[in-house]
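# Turn this into a model:
(one chain, ligands or ions: 1)
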Amino acid sequence: MRSFIKTFQTHGFYLAVGLWKYPQAHCTVSFRICWTPARNSRSPSSSFVWIGAIERDGIKRLVAKSERFLCTGQTMAIGSGEGTNQELVSTNLEETLPARKLLTLVIIHHEEKVLLGMKKRGFGKGYYNGFGGKVEKGETIEEAAARELEEESGVTATDMEKRGILTFHFDNDPVLWEVHVFYVTKFLGDPYETEEMAPSWFSVADIPYDTMWADDPLWYPLLLTGQRFKGDFFFTNTTTLTSHSIGVVESVS
Ligand SMILES: Nc1[nH]c(=O)nc2c1ncn2[C@H]1C[C@H](O)[C@@H](COP(=O)(O)OP(=O)(O)OP(=O)(O)O)O1
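Sure, this is the predicted structure:
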């Protein structure tokens, strides 16, 4: 986390500005408060402006903007009883974050070949992809990755390692998709066709990017050369990739 907070005093006003950056959560929280001090601790008062903003994945939201403030000695509180609350979205920062759903994706890389499944139904039907799906209530992301791999391909991973986090932004869905990508080289069992996926092995040079999600050629080479990465991908009409950013990172958590 990187942060700073500064206070100033000028013409009888106080001003405080603060900024917190949470690079791992792609998130920046900032605020500005301007107030005139209470004359004494028994007469809380004063005009003030309080503005908070939270920015995540490049989307900035106003948290609160208000005109009434209680200041009693050292204690400050945001009041909403008197005065006007303008454009008050929420004072709860969590509520202002775009919702995200967690998903998993497992790629098996074994003896120079990559195991991909042709998706037979649902989201991404007609594309080759790794194996994965939504994280369910009560399970960890790792448990979900292992479960989805077994359900969709019939194999059990024995050396699963998280290598990437990809965030997908769809213009027709306000919920962000946070996909945790796992790399596997060892497993038990033979892959077989399931209701959801038909698996096939591909040599790395023959990965069928033409029948895969448009983001895949941008990060599979990182995955298959031992790197860790984080990326954001923006889609319109579900499958058209309009912009992206991707970077190699030291660790993914
Ligand atoms: N742009 C994209 N690029 C990619 O490579 N994989 C993507 C992707 N967008 C989604 N995925 C993956 C993530 C996940 O593994 C899968 C989507 O999961 P599903 O909807 O199949 O989940 P479930 O199997 O839980 O669904 P149900 O069939 O409803 O049970 O597609």
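# Where does pLDDT dip in the chain?
For the chain, the stretches flagged by pLDDT under 70 are 1-98.
# the domain parsing of it - what is it?
Domain assignment for the chain by automatic domain parsing gives 2-96, 100-248.
# ok but Glu142 is inside a helix, no?
Yes: assigned with DSSP: H, G, I helix; E, B strand; the rest coil, Glu142 falls within a helix.
# Identify the residue spatially nearest to it, adjacent ones excluded.
Nearest non-adjacent residue to Glu142, counting by C-beta to C-beta, 6 or more residues apart in numbering: Met160, 6.9 Å away. For every residue, glycine as well, the C-beta is placed using N, CA and C.
# Could you report the neighbour count for that neighbour?
20 (other C-beta atoms under 10 Å).
# before we move on, what about Val175?
The tally of other residues near Val175 (other C-beta under 10 Å) stands at 12.
# State the distance from the closest residue to it other than its chain neighbours to Leu116.
In space, and not counting its chain neighbours, Val175 is closest to Ala99: 4.8 Å by C-beta to C-beta, 6+ apart. For Ala99, the distance to Leu116 equals 29 Å [C-beta to C-beta, to the nearest Å].
# One more: His244?
Distance, His244 to Leu116, using C-beta to C-beta: 21 Å.
# Of the two, give the one with the bigger neighbour count.
Per other C-beta under 10 Å, whichever of His244 and Leu116 has more neighbours is Leu116, with 26 against 17.
# can you pull the contacts of the residue lying closest to that one once chain neighbours are set aside?
Of all residues not flanking Leu116 in the chain, Tyr128 sits nearest, at 4.2 Å (C-beta to C-beta, 6+ apart). By C-beta atoms under 8 Å, 6 or more residues apart in numbering, Tyr128 lies in contact with 116-119, 200, 202, 208, 211-212.
# Ok, Glu150 next?
Taking C-beta under 8 Å, 6+ apart as the test, what Glu150 contacts is Thr156.
# Quick check: next helix or strand after the one helix or strand it maps to?
Using DSSP states H and E, the element containing Glu150 is helix 141-153. Next in sequence after helix 141-153, counting helices and strands by DSSP H and E, comes strand 156-157.
# Give me the angle between the helix or strand following that next one and helix 141-153.
Once the chain leaves strand 156-157, the next helix or strand it forms, by DSSP H and E, is strand 161-170. Inter-element angle recorded for strand 161-170 and helix 141-153: 80 degrees (by axes from the mean of the first three to the mean of the last three C-alpha atoms, to 10 degrees).
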